[in-house]
Every structure is written in C-alpha cells, then in structure tokens.
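Asker: Need coordinates for the below:
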Amino acid sequence: MNHLEGLNDAQKNAVLTTAGPLLVLAGAGSGKTRVITHRIINLILEGTSPEKILAVTFTNKAAKEMRERVTHLLHTFTGTMRAGIDSSPTVTTFHALGVRMLREDHEVFGLRKQFTIYDRSDSTSAIKKALTRAGFDPKQFEPRKMLSIISRAKGDAVPQSEFAGDAKTYPDRVAGDVWKHYEDILREEHALDFDDLLAKTLSMLKSHPSILEKYRMRYTHVHIDEYQDTNRVQYEIARLIVGDKANLCVVGDVDQNIYSWRGADIKNILQFERHFPEAKIIMLEENYRSTQTIIEASNDIIEKNFNRPPKKVFTNNHVGEKILLYAAMGGQEEAEYVALTAKDLVKNDVSPSEIAVLFRTNFQSRALEEAFINYDVPYQMLGTKFFERKEIKNILSFLRYALNPSSTNDLVRIINTPPRGIGKVTLLKVVEGRTAELPAKTREKVDSFNRLVEEIATFAGEHPVHETLTFIMRHTGIEEGYKHDGEEGLERLENIRELVSLGTKYHEEEPLVAIEHLLEDAALGSDQDELKEKEEFDAVRLMTIHSAKGLEFPYVFITGLEEGLFPHERLGDERIDNEEERRLFYVALTRAKKKIFLSYAHIRTIFGSQRINSPSSFLSDIRSDLIESENPTESGYERTVYLD
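Answerer: Modelled structure (predicted):
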C-alpha cells in the first residue's frame with residue numbers, strides 16, 4: 001500500500017514538497033491534518049530521523065489526535081524498514097513545547113525545574129498583589145484588564161521595559177508599572193504564567209545562541225498547523241528554530257482567523273511569502289466534510305471579505321438538505337425550538353453527540369440549558385474545565401506546593417484546606433517567614449501542615465502519580481471532609497477520583513516526570529479536552545463558536561443571528577471587526593456535515609432590558625435558494641403569530 005494513496009493532487013504536492021518553506025492554504029474540511037501526517041511519514045520514508053521532525057498545533061486535543069494518526073501511519077507504512085524507526089516525531093502544542101524547552105534549560109532564568117504554571121485565576125491574584133505593591137488600588141484598576149494588557153504585550157513580543165517606556169495612555173502606564181511588580185512576584189514564586197511559556201522561550205532562544213543551535217540541530221523539519229492563529233511570539237520562535245534552511249511547512253486558512261482579540265496576527269499567514277521569499281504555496285480547496293448546500297452558503301459568506309487571498313472551496317459530496325431558518329419572537333422561544341428540534345432528531349435515530357448548538361456569547365447559554373433541561377434532552381455544556389473545579393485545584397495545589405515550596409499562591413490555597421484552624425494573621429506570618437512569632441499551639445498546627453507537605457513530596461518521588469493523588473486525597477483529610485458534605489461533597493469526591501483515574505495514563509513514566517506532565521496538561525487544557533474526557537457521555541454539545549473551532553458535527557444549530565449580537569457589536573474599527581465576525585460565521589457553518597439550523601429572536605433580553613432586533617445581515621448574504629424558512633408550529637409552548 002502506497003502512503004500517497006487516496007490523496008488528491010494538491011495534497012500529494014504538499015506531501016512531496018519536503019525542503020524549504022511551504023505554505024498550504026487549506027479550506028475548511030480539506031484534509032489539512034491528513035497532509036501534515038502523511039508529509040511526516042514521507043519525510044521518514046525519505047530518510048529523515050523521526051526525532052528530527054516537529055509538528056505544532058494549538059490544542060491538546062488536536063495534538064493528541066495528530067500523534068495518534070502519525071503513530072498509526074508509522075506502523076502501517078514503515079514497519080521494520082529502517083533502524084531507529086521506534087523513535088517518534090515530536091507532536092505537541094506551542095505552549096507544551098515552551099514548557100519542554102524551559103524545563104530543559106530552566107537554569108537560564110533561575111527557575112526550579114518543577115516551576116509552577118499559573119492559570120488565569122492564579123495570574124489575576126498575582127496582579128492584585130502587584131497593584132498593591134505598585135501603590136494602586138485593585139478596586140480602582142480592574143486586575144483582569146491589567147492582565148489582559150500585559151498578556152497582549154507579551155504575545156506581541158514586547159518586553160516590559162519597552163512597553164513601559166512607550167506607554168501613551170494612563171492605563172498602559174499603570175500596566176507597565178504593575179507588570180514590573182508582577183514579574184517580581186512570579187520570580188519569587190518560581191512561576192510562569194501562560195504567556196511566559198512562549199515569551200520566555202523566545203527570550204531564551206534569542207539570547208543564548210548555544211541553546212538555539214541545540215534546537216536547530218534537534219528539529220530539522222518543522223510543521224505548524226492552524227498557522228493563521230499564530231501571534232508574533234509564535235512566529236518568531238518558529239523562524240528562529242528553522243533558521244536559514246527554513247524547512248518549514250505551515251498549514252492554515254485565512255478565513256478561519258477568529259482570534260485577533262487574543263493576539264493572533266493574520267499578517268503571519270498573509271505575508272508568509274515576504275517572510276520566506278522562497279516559499280511554495282499550495283491551495284487545498286476540496287472539502288470532504290460538508291454537503292454542497294453548506295459549502296455554497298459558507299462561500300457566499302466568506303467571499304464578502306476583502307482581506308483574504310482568492311480561494312473557492314468546493315465539494316463532490318451530495319447536495320444535501322436546505323438550511324433551515326427559524327425566526328422566534330423571543331430568546332426563550334428560540335431556545336425551546338432548538339431543544340425540541342434536537343429532541344426530534346434524537347427520536348429519528350440521531351445520536352445526541354452528533355448535534356452541536358453554537359452561540360456567539362456565553363450569556364446565550366442560560367436559556368438554552370433551561371430549555372434542554374425542561375424538555376429532558378441530554379446535553380453537555382463546554383466552558384467549565386475539569387481542571388478549574390475547586391476540588392481539583394486543591395489537590396493539584398498540594399502536589400505543586402510539595403514540589404515547589406516557593407509557590408505562595410498554592411500555600412495560601414491549601415494551608416487551611418480542609419480547615420486546620422490557621423487564620424489570616426497566622427498565614428501572613430507564615431508567608432513572611434515569621435513562624436517563630438506564633439504561639440506554641442498555632443505553631444504546632446503549622447508544623448503539622450509542613451510535615452504533611454514533606455510526606456507528600458517524599459511519597460511523590462517514589463510512587464506513580466495516581467497513587468500520589470490518592471495519598472493526597474486521603475492524608476490531607478479532603479476525602480473524609482467531602483464524605484460528610486452531602487450530595488455536593490460526594491460529587492466533588494467523584495471528580496477527585498476521576499483525577500486519580502486520569503493519573504493512571506502516566507503510569508509508565510518516572511514519578512516526577514509523570515507529575516510534570518500531569519501539571520502541564522492541567523495548566524494547558526482547553527474546553528475541547530472536556531469532550532474527550534466525556535466521549536462516552538452521549539449528549540448534545542452546547543458551546544460558543546470559538547470553542548467549536550476544529551470540531552465537526554453532522555447537525556449544527558447556530559443561534560442568535562441578530563444585528564448587534566452576531567455580528568457582535570464591539571469597539572474598534574468596524575470593517576476589521578465585521579470581517580472577523582464574518583470569519584466566525586464561516587467557521588460556524590463549516591462545522592456541519594449534513595444539516596444546519598439557523599435561528600434568531602425578534603426580541604431578546606440583554607442586561608435586564610428587552611431589545612428589539614433585526615435579523616443578522618449575514619442571513620441576506622446567503623442565496624435564498626439555499627435556505628428554507630421554518631414557520632412556528634404547535635410544540636408544547638404558546639403558538640406565536642408573526643406580523644412581519
């Protein structure tokens with residue numbers, strides 16, 4: 001069997017182009033992951049050592065799926081052809097790659113190897129401290145806003161000193177000052193935040209030529225998926241690693257650039273030829289996922305954008321059903337229509353997990369959840385990550401603090417969890433290293449806690465990570481506490497036991513390495529990872545359109561198609577915002593394989609007041625012959641008569 005079998009001409013061209021810079025402009029559902037995985041196999045068959053191949057994507061879920069496909073193809077096409085074939089390419093996310101590099105060369109920044117990775121809430125707490133240290137009132141300057149400003153600057157590869165020196169507005173000047181204190185706190189805690197995982201990696205590669213050369217020797221062929229989502233730091237890291245040889249293959253779709261609000265720079269893909277003058281460009285335009293109706297509708301939408309290279313996606317799939325459009329009187333009626341229509345699909349032998357309900361903003365989920373509950377339709381809401389649950393964070397904080405005693409943030413979380421009679425005054429003295437000033441009874445409580453942490457650290461170094469998690473659950477008193485905390489306590493205990501089960505997947509690794517990987521996965525997890533953890537839970541998926549990127553479902557509902565909601569009203573340049581909103585709608589449409597249901601409400605309650613809406617301008621961009629209006633019918637709630 002040939003490894004090129006089943007590929008179309010454009011895909012083969014991309015797979016066989018193995019030297020120099022290559023840009024693959026891939027339409028939705030055009031088999032871009034297939035191109036990357038088969039290109040990796042082709043490189044190996046041509047003689048490249050697997051360990052010299054790097055492939056980077058954006059979510060743990062995407063990286064895991066790509067790894068599995070590469071492993072399967074390796075077994076299928078290489079067998080025992082070459083010595084050393086048991087080694088594997090590195091397939092990872094940008095942030096996990098940064099963690100790997102920073103742990104390997106942690107001394108560069110004076111960090112512990114087991115440095116702590118701050119999540120958003122950890123960073124927000126640290127920003128509050130930094131505001132106070134800088135002499136500002138955290139109530140006057142919203143910590144999340146300060147963190148957002150700093151995060152954007154880090155993503156743009158702007159160092160603190162440069163940002164502070166160039167700050168023009170008062171909020172930016174405050175952020176520049178706060179940033180300096182924030183960095184001090186991170187250094188004291190032996191911690192990095194999410195953005196540091198890339199910013200520090202770039203800094204290390206730029207300022208240490210020997211380290212850069214090491215990675216250039218290690219990775220001679222680099223692949224980047226979803227290239228349209230890269231920011232300035234990610235682009236510069238990739239450019240440094242590939243060096244002058246520029247054996248770089250990037251795959252992306254300008255039409256799916258929907259993350260400019262968090263730093264994604266569309267210029268990285270639009271200006272690829274300028275960055276790499278020798279670049280070859282290949283277009284993947286055949287869609288294998290959706291019906292002709294869906295593809296024609298999505299083309300109608302995206303062709304209205306100006307800031308894109310010309311590309312016409314097509315499919316040889318069947319025409320398929322028309323798109324259904326439902327106009328509800330109010331938001332509640334729209335939600336009931338969605339729930340009841342999903343229920344009808346399930347009655348007609350559609351699996352609930354084949355159905356997705358997408359919305360533009362999180363507030364829309366409340367009415368939808370209520371309707372799904374009322375009509376007894378099983379659903380799963382993406383949004384609350386498993387690792388962000390209080391009980392999970394508590395267990396992981398014990399683990400992190402045991403390995404990194406400098407992590408004051410974790411100390412504050414766990415020293416009185418469960419309650420040990422250690423109050424705020426005592427905690428402050430512990431943090432400041434003034435334990436000797438404590439009364440004897442109080443000092444004994446603190447000493448007992450410290451002994452517990454030492455026991456955890458010792459146990460963790462000698463046992464598999466799932467056994468360590470069980471040890472923490474039992475010896476800290478968390479298990480016993482939740483057993484006597486009613487239904488909620490038992491549910492939290494079940495979540496912790498699920499964490500223990502998750503820990504078994506690292507059982508083949510050395511204990512401390514396993515812990516590092518578990519903590520990395522916890523820190524770098526995304527909403528989509530929840531789908532994989534609950535894949536046996538057959539339920540309709542409810543999620544924002546941003547969360548749906550990269551996923552696909554036979555049946556897709558897109559709700560809230562009203563002017564001001566979708567396209568969403570935002571501050572800033574209207575044309576740029578409108579182009580990104582159009583790309584977002586394009587992404588929503590192209591998630592569907594078989595059928596799309598569109599809906600909007602004439603009246604919707606937003607921020608406590610009713611708003612009369614006009615249908616989204618996007619609806620008039622789709623040719624009328626592709627859409628079929630669905631009139632309201634008797635469905636268990638009051639019939640509405642429209643006078644349009």
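
Asker: how about P352, what does it touch?
Answerer: A342, V346, V377, P378, Y379, D538, A539, V540 (Cβ atoms under 8 Å, 6 or more residues apart in numbering). Where you see a C-beta, it was placed from the backbone N, CA and C, and this is true even at glycine.

Asker: Which element, helix or strand, includes I603?
Answerer: Using DSSP states H and E, the element containing I603 is strand 592-606.

Asker: I'd like to know which elements that strand is packed against.
Answerer: helix 292-302, strand 323-330, helix 331-347, strand 553-558, strand 609-612 (3 or more Cβ pairs under 8 Å, 6 or more residues apart in numbering; DSSP states H and E).

Asker: The stretch 451-600 of the chain: helices as residue ranges?
Answerer: Along the stretch 451-600 of the chain, the segments classed as helices by DSSP state H, counting those that start in this stretch run 465-475, 478-483, 486-503, 511-524, 527-533, 545-548, 574-589.

Asker: picking up where we left off before, narrow the contacts of P352 to those that are buried.
Answerer: The neighbour count (16 or more other Cβ atoms under 10 Å) marks A342, V346, V377, Y379, A539, V540 as buried among the contacts of P352.

Asker: To what extent is N13 buried, counted in neighbours?
Answerer: The number of residues packed near N13 is 17, by other Cβ atoms under 10 Å.

Asker: thinking again about what came up before, now render the helices and strands packed on strand 592-606 as a markdown table, adding mean pLDDT and distance to R100.
Answerer: Shown next, in a markdown table, are those (pLDDT from 0 to 100; distance: least, Cβ to Cβ, whole Å):
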| stretch | mean pLDDT | distance to R100 |
| --- | --- | --- |
| helix 292-302 | 96 | 36 |
| strand 323-330 | 95 | 44 |
| helix 331-347 | 96 | 42 |
| strand 553-558 | 98 | 33 |
| strand 609-612 | 80 | 48 |
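
Asker: what's downstream of the host helix or strand of I269, the next helix or strand?
Answerer: Using DSSP H and E, the element containing I269 is helix 267-270. Using DSSP H and E, the helix or strand that follows helix 267-270 in sequence is helix 272-275.

Asker: just checking, what packs against that next one?
Answerer: Going by 3+ Cβ pairs under 8 Å, 6+ apart, helix 272-275 lies up against no helix or strand.

Asker: For the helix or strand just after that helix, buried residues please.
Answerer: Where DSSP H and E defines the elements, the next helix or strand beyond helix 272-275 is strand 280-284. Applying a neighbour-count criterion of 16+ other Cβ under 10 Å, one finds K280, I282, M283, L284 buried in strand 280-284.

Asker: Just the residues contacting strand 280-284, thanks.
Answerer: 10-11, 13-14, 17, 20-27, 30-32, 35, 272-273, 311.

Asker: again, 6 Å this time
Answerer: A10, N13, A14, T17, L22, L23, V24, L25, A26, S30 (Cβ atoms under 6 Å, 6 or more residues apart in numbering).

Asker: Neighbour-wise, give me the winner out of those residues.
Answerer: The most neighbours of any of these, using other Cβ under 10 Å, belong to A26, which has 30 neighbours.

Asker: any weak-confidence spans in the stretch 351-500 of the chain?
Answerer: For the stretch 351-500 of the chain, applying pLDDT under 70 flags the ranges 383-385.

Asker: Please give the element, helix or strand, for the residue nearest to K129 when sequence neighbours are not counted.
Answerer: Sequence neighbours aside, I185 is the residue nearest to K129 in space, at 5.7 Å (criterion: Cβ to Cβ, 6 or more residues apart in numbering). Using DSSP H and E, I185 falls within helix 170-189.

Asker: and that helix, what does it pack onto?
Answerer: Helices and strands touching helix 170-189, by 3 or more Cβ pairs under 6 Å, 6 or more residues apart in numbering; DSSP states H and E, are helix 120-133, helix 143-155, helix 160-166.

Asker: let's see it at 8 Å
Answerer: On a contact count with 3+ Cβ pairs under 8 Å, 6+ apart, helix 170-189 meets helix 120-133, helix 143-155, helix 160-166, helix 408-414.

Asker: which stretch among those comes nearest H221?
Answerer: Closest to H221 of the helices and strands packed on helix 170-189, according to Cβ to Cβ: helix 143-155, at 25.9 Å.

Asker: Format the helices and strands packed on strand 592-606 as CSV; extra columns: distance to V357.
Answerer: Converted to CSV, the helices and strands packed on strand 592-606 look like this (distance: least, Cβ to Cβ, whole Å):
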stretch, distance to V357
helix 292-302, 17
strand 323-330, 13
helix 331-347, 6
strand 553-558, 4
strand 609-612, 21
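
Asker: Any idea which of the ones you listed gets closest to L490?
Answerer: Of the helices and strands packed on strand 592-606, nearest to L490 by Cβ to Cβ is helix 331-347, at 28.8 Å.

Asker: Any buried residues in the closest one, and which?
Answerer: 331-343, 345-346.

Asker: where does the stretch 51-200 of the chain have low pLDDT?
Answerer: 78-86.

Asker: ok, 80 please
Answerer: Applying pLDDT under 80 to the stretch 51-200 of the chain flags the ranges 77-87.

Asker: For stretch 578-585, buried residues please.
Answerer: Here stretch 578-585 shows N578, E579, E580, E581, R582, R583, L584, F585 as buried, counting by 16+ other Cβ under 10 Å.

Asker: Find the nearest non-adjacent residue to A164, please.
Answerer: A164 sits nearest to G176 (Cβ to Cβ, 6+ apart), 3.1 Å away.

Asker: T201 falls within a helix, correct?
Answerer: Yes. Counting by DSSP: H, G, I helix; E, B strand; the rest coil, one finds T201 located in a helix.

Asker: Contacts only, for it.
Answerer: Applying Cβ under 8 Å, 6+ apart, the residues near T201 are L97, G98, M101, L102, I237.

Asker: of all those residues, which two lie farthest apart?
Answerer: L102 and I237 (12.0 Å).

Asker: Which residue of those two possesses the greater neighbour count?
Answerer: I237 (27 against 22).

Asker: any idea of the mean pLDDT in the helix or strand harbouring the more buried one?
Answerer: If you go by DSSP H and E, I237 is part of helix 232-242. Throughout helix 232-242, pLDDT has a mean value of 96.

Asker: mind listing which of the contacts of T201 are in helices?
Answerer: Those of the contacts of T201 mapping onto helices are L97, G98, M101, L102, I237, per DSSP state H.

Asker: Let me have those in TSV, adding distance to L518 as columns.
Answerer: As requested, these are exported to TSV (distance: Cβ to Cβ, whole Å):
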residue	distance to L518
L97	18
G98	17
M101	19
L102	17
I237	25
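
Asker: Distance-wise, check the most far-flung residue of the chain relative to its centre relative to D447.
Answerer: Within the chain, the residue lying farthest from the chain centre (Cα atoms, centre = their mean) is A440, at 47.8 Å. Separation of A440 from D447 (Cβ to Cβ, to the nearest Å): 10 Å.

Asker: Number of residues surrounding F618?
Answerer: Neighbour number of F618 under other Cβ under 10 Å is 24.

Asker: so which strand or helix has it?
Answerer: Short version, using DSSP H and E: F618 is in helix 617-621.

Asker: Let me see the mean pLDDT of that helix.
Answerer: Mean predicted confidence for helix 617-621 is 93.

Asker: buried stuff in it?
Answerer: S617, F618, L619.

Asker: Can you name every helix or strand that it contacts?
Answerer: helix 292-302.

Asker: Could you check how far the helix it packs on is from the centre of its chain?
Answerer: Helix 292-302 sits 27 Å away from the centroid of its parent chain (Cα atoms, centre = their mean, to the nearest Å).

Asker: Give me the contact list for that helix.
Answerer: 28, 255, 287, 290, 308, 312-315, 317-323, 582-583, 585-586, 589-590, 592-593, 596, 618, 621-623, 626-627.

Asker: same deal with stretch 499-512?
Answerer: In contact with stretch 499-512 (Cβ under 8 Å, 6+ apart) are residues 114, 392, 395, 403, 460-466, 468-470, 473, 514, 517-518, 533.
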